[in-house]
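**Q** Just a sequence and a predicted model for now, questions to come.
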There are 2 protein chains.
Amino acid sequence: MGQISYRQIKEDVRSKVVRGVWALGAELPKEEDMAADYGCARATVNRALRELAEEGLLERKRKSGTRVRQAPVRQARFDIPLVRREIESLGERYTYRLLEREETQAPAWLCARMRLTRPDPVLHLRCLHVAGDTHYQVEDRWINLTTIPAAREADFTTQGPNEWLIATIPFSDVEIGFSATAADADLARDLGCALGDPLFQGERSTWLNDAPVTYVRMVFGRGYKMTTRY
Amino acid sequence: MGQISYRQIKEDVRSKVVRGVWALGAELPKEEDMAADYGCARATVNRALRELAEEGLLERKRKSGTRVRQAPVRQARFDIPLVRREIESLGERYTYRLLEREETQAPAWLCARMRLTRPDPVLHLRCLHVAGDTHYQVEDRWINLTTIPAAREADFTTQGPNEWLIATIPFSDVEIGFSATAADADLARDLGCALGDPLFQGERSTWLNDAPVTYVRMVFGRGYKMTTRY
DNA sequence: CAGTGGTCTAGACCACCCA
DNA sequence: GGGTGGTCTAGACCACTGC
């Protein structure tokens, strides 16, 4: 007879919840008893239950025990891949183009986004990522030159700033947000859509130990949908 | 002297990566050696490294060892709370209104979304979630009456279908997606925005062991942004 | 204060996978 | 084939928290 794995226990518990054996809010046996039932060590049950709790299915408290969450926390995990990889994994040819490059001082709205107290010098890049013939994403990138002076010397005409940054700078904190926006004249031109079209956009600010690194606004072509399953 | 915890090891490793002690792509010592360095059991190091790998910072392979990911997988986790809780946590008063209710057969596009082979009978609800005075979200809900016949008897005039479903039906599989859409006449009226305004929307399909449960389209009021940090 | 989960240990065997 | 991570065990002590 083989040992039971924590994965099997996870599946078994999940199934019992889904089948209604354990209703929402119901209390599960304590780890020790479950270990005896499964004929395994408590640590094995512990790992299974701990991971299910992390996934949001269970709720655990010392002393009071383990119960099925009343309102399962529905948390979604999205992979945020490199645009290039995303496009290549679609089977399309990836093309990159630098549209604009300027050195300037951080405008007020950017100071707010990057939590700057002074208008630091920044490198502003505007890039286009193309999938096959489709204009896939416009990347509006702002790099803090006080934190990352090396960005001044980098060549962004063949490699996107995202890839350069990832390969060069580690980061410690990230703030990310998704929303809808209307295509302005620039976006309509660069993404090949109509003025005012609704577009999906992501914004991300990155810090390295409180030092502001970069802010990026990624606007996707019409009809883009960010999906996941679990 | 106290024992070292797996959390401390996680922080230490994270810090070494961020400080560049271990560069991107670099190989870490093997678990056994690290355990000796930290003066703890291998299982403790294992848990720390395993979790860091799960978070996307490290990459582990049997035989070849543990290395720092070249392109840290940037995965974002979003909590998908109940609208009511989301609004209440903003300190606003939550109001709910049922706008429309009809029993019908699943149209073709819905069959595709819910992976139906036949046009099952469905309950279609259109609801409004209000935060204070602001029209926060329009919920377009379709419940499969073959899978969930009890929905026919449920009263959705005071409680939103989302809350009812969560309290009533477990689920096993979820597909979720976010995108941008333009306000049509109905949305403009219900959300109090202009025709054609760009709106952020989420869609979610849910199954219970391959049985289609529900599909929902949630369209948020102007300017909504879904954010997270890590 | 007592019960339950949280974590650590020391050791073992196994599975995978690169060389 | 051998090295590395993956997992399990049996036992221990601890930390939190409801009673």
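**A** All right, it came through fine.
**Q** helix or strand for the residue lying closest to residue A:117 once chain neighbours are set aside, which one?
**A** Nearest-residue entry for residue A:117: residue A:111, 7.6 Å, with adjacent residues in sequence omitted and distances by C-beta to C-beta, 6 or more residues apart in numbering or on different chains. From N, CA and C alone the C-beta is placed, and that goes for glycine too. Residue A:111 belongs to helix A:108-114 when assigned by DSSP states H and E.
**Q** contacts for that helix?
**A** With contact meaning C-beta atoms under 8 Å, 6 or more residues apart in numbering or on different chains, helix A:108-114 is reached by A:106, A:116, A:117, A:118, A:119, A:122, A:142, A:144, A:203, A:205, A:212, A:215.
**Q** Repeat that for stretch A:140-157.
**A** Contacts for stretch A:140-157 (C-beta under 8 Å, 6+ apart): A:98, A:101, A:103, A:106, A:110, A:114, A:116, A:120-127, A:161-162, A:164-165, A:168-169, A:208, A:211-219.
**Q** re earlier: buried only: go through the contacts of helix A:108-114 for me.
**A** Among the contacts of helix A:108-114, those scoring as buried are A:106, A:116, A:122, A:142, A:144, A:203, A:205, A:212, A:215 (criterion: 16 or more other C-beta atoms under 10 Å in any protein chain shown).
**Q** Quick check: beta-bridge partners of the fifth one?
**A** Taking DSSP bridges as the rule, residue A:144 bridges to residue A:122.
**Q** Could you report the pLDDT at it?
**A** Note on residue A:144: pLDDT of 94.
**Q** Next: the first one.
**A** pLDDT, the model's per-residue confidence, is 93 for residue A:106.
**Q** For chain A, which residues score under the pLDDT cut-off?
**A** Across chain A, the ranges flagged by pLDDT under 70 are A:1-2, A:72-74.
**Q** And the residue nearest the centre of it?
**A** Central residue of chain A (C-alpha atoms, centre = their mean): residue A:80, 4.6 Å from the mean position.
**Q** can you pull the contacts of that one?
**A** Residue A:80 neighbours (C-beta under 8 Å, 6+ apart): A:176, A:202, A:204, B:73, B:74, B:75, B:76.
**Q** Reformat the residues you listed as a markdown table; add neighbour count, distance to residue B:41 and secondary structure.
**A** As requested, these are arranged in a markdown table below (neighbours: other C-beta atoms under 10 Å in any protein chain shown; distance: C-beta to C-beta, whole Å; DSSP: H, G, I helix; E, B strand; the rest coil):
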| residue | neighbour count | distance to residue B:41 | secondary structure |
| --- | --- | --- | --- |
| A:176 | 20 | 36 | strand |
| A:202 | 21 | 42 | strand |
| A:204 | 21 | 38 | strand |
| B:73 | 15 | 28 | coil |
| B:74 | 19 | 32 | strand |
| B:75 | 15 | 29 | strand |
| B:76 | 22 | 33 | strand |
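**Q** Show me the domain layout of chain A.
**A** If you go by automatic domain parsing, the domain ranges for chain A are A:6-68, A:83-220.
**Q** Helices of chain A, start to end?
**A** A:6-18, A:31-38, A:42-54, A:83-89, A:108-114, A:161-168, A:185-191 (DSSP state H).
**Q** CSV please, covering the ones you listed and showing distance to residue B:17.
**A** Supplementary listing: these in CSV, determined by distance: least, C-beta to C-beta, whole Å:
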stretch, distance to residue B:17
helix A:6-18, 28
helix A:31-38, 34
helix A:42-54, 22
helix A:83-89, 21
helix A:108-114, 22
helix A:161-168, 13
helix A:185-191, 35
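**Q** Throw those into TSV and include mean neighbour count, thanks.
**A** Converted to TSV, those look like this (neighbours: other C-beta atoms under 10 Å in any protein chain shown):
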stretch	mean neighbour count
helix A:6-18	17
helix A:31-38	15
helix A:42-54	18
helix A:83-89	16
helix A:108-114	15
helix A:161-168	18
helix A:185-191	16
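**Q** quick one, which of the ones you listed is nearest to residue A:135?
**A** helix A:185-191 (4.8 Å; C-beta to C-beta).
**Q** Can you tell me how far residue A:192 is from residue B:165?
**A** 40 Å (C-beta to C-beta, to the nearest Å).
**Q** does residue A:229 have beta-bridge partners, and which?
**A** residue B:175.
**Q** wait, it sits on residue B:174?
**A** Yes: using C-beta atoms under 8 Å, residue A:229 makes contact with residue B:174 at a distance of 6.2 Å.
**Q** Can you pick out the residue with more neighbours from the two?
**A** residue B:174 (17 against 11; other C-beta atoms under 10 Å in any protein chain shown).
**Q** show me the contacts for the more buried one.
**A** A:74, A:229, A:230, B:204, B:205, B:206, B:207.
**Q** on that earlier part again, point out the ones among the contacts of helix A:108-114 that are inside strands.
**A** Residues from these lying in strands, with DSSP state E as the criterion: A:122, A:142, A:144, A:203, A:205, A:212, A:215.
**Q** now for the helices of chain A, which one comes closest to residue A:61?
**A** Of all these, helix A:42-54 sits nearest to residue A:61, with 10.0 Å by C-beta to C-beta.
**Q** ok, is the closest one in contact with DNA strand C or not?
**A** Yes: on the criterion C-beta under 7 Å from any atom of the strand, helix A:42-54 is in touch with DNA strand C at A:42, A:43, A:46, A:49, A:50, A:53.
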